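> Structural data only, the sequence is not supplied:
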């Protein structure tokens, strides 16, 4: 849920900034985001608006949202919104700056992941081709020397279960390293 919210934050903030630039108030722009298709973030904005309708102030409702969600980007955005409301600054400009920073951070994460893909590809190729070939050569040499370390009967098990399991494990690790962008 947090990663889904992290992905949608730049778009929702840009949406709010556009609404605010056109003269709409903050509660109305939050309503617009809650009705838009930003997934869990829209749901949380709707919950915040319900809190405001039941008597919470804007600051209290935003603080409640900040405490509910484990997203650093959202927390930073809410702190900036509250600070801008307190000081009377241009909220649309503040949100645009936040969007630019958040988008830059997401691009940096993606760039780092893409750079690490080369290493991951080498590891996967090594595990999928070099290790099995090396095991075959090692088994043949050991059998010629008279002391096979792996009985021939276990080789199909090794090649049909162990090595594919290792490769699946590597794919899962690589998938977990993928940034949510």
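It's in. Note that this is a predicted model, so its numbers are computed, not measured.

> can you name the farthest residue from the center of this protein?
residue 146 (53.0 Å; C-alpha atoms, centre = their mean).

> neighbours around residue 117, how many?
Look at residue 117: counted by other C-beta atoms under 10 Å, it has 12 neighbours. Bear in mind the C-beta positions are built from the backbone N, C-alpha and C, glycine included.

> Now do the helix or strand that contains it, average pLDDT.
Using DSSP states H and E, residue 117 falls within helix 91-125. The average pLDDT within helix 91-125 is 87.

> change the start of the numbering to 13 and stick with it
Okay, residue one is now 13; in that scheme the one you just asked about reads as helix 103-137.

> in it, what counts as buried?
Applying a neighbour-count criterion of 16 or more other C-beta atoms under 10 Å, the buried positions in helix 103-137 are 103-104, 106-108, 110-111, 114-115, 118.

> circling back to that earlier point, so what's the residue farthest from the centre of the chain up against?
For residue 158, no contacting residues are found, by C-beta atoms under 8 Å, 6 or more residues apart in numbering.

> in the chain, which spans are helices?
14-33, 38-47, 52-65, 70-80, 84-99, 103-137, 143-157, 167-169, 175-189 (DSSP state H).

> Out of those helices, indicate the one that is most buried.
helix 14-33 (a mean of 20; mean count of other C-beta atoms under 10 Å).

> So which elements touch that one?
Counting contacts by 3 or more C-beta pairs under 8 Å, 6 or more residues apart in numbering; DSSP states H and E, helix 14-33 is packed against helix 38-47, helix 52-65, helix 84-99, helix 103-137.

> Kindly calculate the angle that it makes with helix 52-65.
Calculated by axes from the mean of the first three to the mean of the last three C-alpha atoms, to 10 degrees, helix 14-33 forms an angle of 60 degrees with helix 52-65.

> Measure how far helix 14-33 is from the centre of its chain, please.
Here helix 14-33 shows a centroid-to-chain-centroid distance of 15 Å under the convention C-alpha atoms, centre = their mean, to the nearest Å.

> chain center to the helix or strand of the chain with the lowest mean pLDDT, what's the gap?
When the helices and strands of the chain are scored by mean pLDDT, DSSP states H and E, helix 167-169 comes last with a mean of 76. Mean-position distance between helix 167-169 and its chain equals 38 Å (C-alpha atoms, centre = their mean).

> How about stretch 169-186?
25 Å.

> that older thread, counting contacts, what elements does the helix holding residue 129 pack onto?
helix 14-33, helix 84-99, helix 175-189.

> Could you dump those into TSV and include distance to residue 69 and mean pLDDT?
Shown next, in TSV, are the helices and strands packed on helix 103-137 (distance: least, C-beta to C-beta, whole Å; pLDDT from 0 to 100):
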stretch	distance to residue 69	mean pLDDT
helix 14-33	19	86
helix 84-99	10	88
helix 175-189	40	85
